[in-house]
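Asks: Whatever this is, show me its structure:
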Amino acid sequence: QVQLIESGGGAVQTGGSLRLSCAASGGTSSTRVMAWFRQAPGKERDFVSAIRGTSGNTYYGDGMKGRFTISRDSAKNTVYLQMTSLKPEDTAVYYCAADASYSIRSENYAYWGQGTQVTVSS
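Replies: Predicted coordinates:
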């Protein structure tokens, strides 16, 4: 059984930075693609970024590239999301997800972390 454990959320002011971590255990083929989604109150869960384990190819949602950087430590099976120049509209619960294939659709990911809150104040 795949488990995803997230950490690194918190509260920052506008312009601040945070790094989220997601450690995966329980299956390497099932975590071939690891991704981040976020969900603000009353809104849908949106794609933030994803990374393939084999190629290292990275993908970003609209408006994310440049401020957010995804990376992966394959030896630790851990993915990171470095977030910079944070804005109040980045406030959301951030979820780590994993699956064997890449998608920007949350329903296509089989495994999910518990979520970590990111709050950006103005």
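Asks: low-scoring stretches of this structure, by residue?
Replies: Within the chain, no stretch falls below the threshold (pLDDT under 70).
Asks: residue ranges of the strands in it, please?
Replies: If DSSP state E is used as the criterion, the strands of the chain fall at 3-7, 10-13, 18-25, 33-39, 45-52, 58-60, 68-73, 78-83, 92-99, 111-112, 116-121.
Asks: Relative to the second one, what are the paired strands and their orientations?
Replies: This means strand 10-13. Using DSSP bridges, strand 10-13 pairs in its sheet with strand 116-121 (parallel).
Asks: which strand residues sit across from the residue nearest the centre of the chain in the sheet?
Replies: Nearest to the geometric centre of the chain sits residue 36, at 2.2 Å (CA atoms, centre = their mean). In this entry, residue 36 is beta-bridged to residue 49, residue 96, by DSSP bridges.
Asks: pretty sure it contacts residue 94?
Replies: Yes: the criterion here is CB atoms under 8 Å, and residue 36 meets it with residue 94 at 6.0 Å. (Each C-beta comes from the backbone N, C-alpha and C, glycine too.)
Asks: where do the contact lists of those two overlap?
Replies: Contact criterion CB atoms under 8 Å, 6 or more residues apart in numbering; residues shared by residue 36 and residue 94: 20, 48, 81.
Asks: got the residues you listed as a markdown table, with neighbour count columns?
Replies: What follows is those, written out as a markdown table (neighbours: other CB atoms under 10 Å):
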| residue | neighbour count |
| --- | --- |
| 20 | 25 |
| 48 | 25 |
| 81 | 27 |
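Asks: okay if I get the residues you listed as a markdown table plus distance to residue 115?
Replies: Shown next, in a markdown table, are these (distance: CB to CB, whole Å):
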| residue | distance to residue 115 |
| --- | --- |
| 20 | 10 |
| 48 | 13 |
| 81 | 13 |
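Asks: Show the contacting residues for the nearest residue in space to residue 56 that is not next to it in sequence.
Replies: Ranked by CB to CB, 6 or more residues apart in numbering and with sequence neighbours excluded, the top spatial neighbour of residue 56 is residue 72, at 7.1 Å. Listed by CB under 8 Å, 6+ apart, the contact set of residue 72 reads 34, 51, 53, 56, 78, 79, 80.
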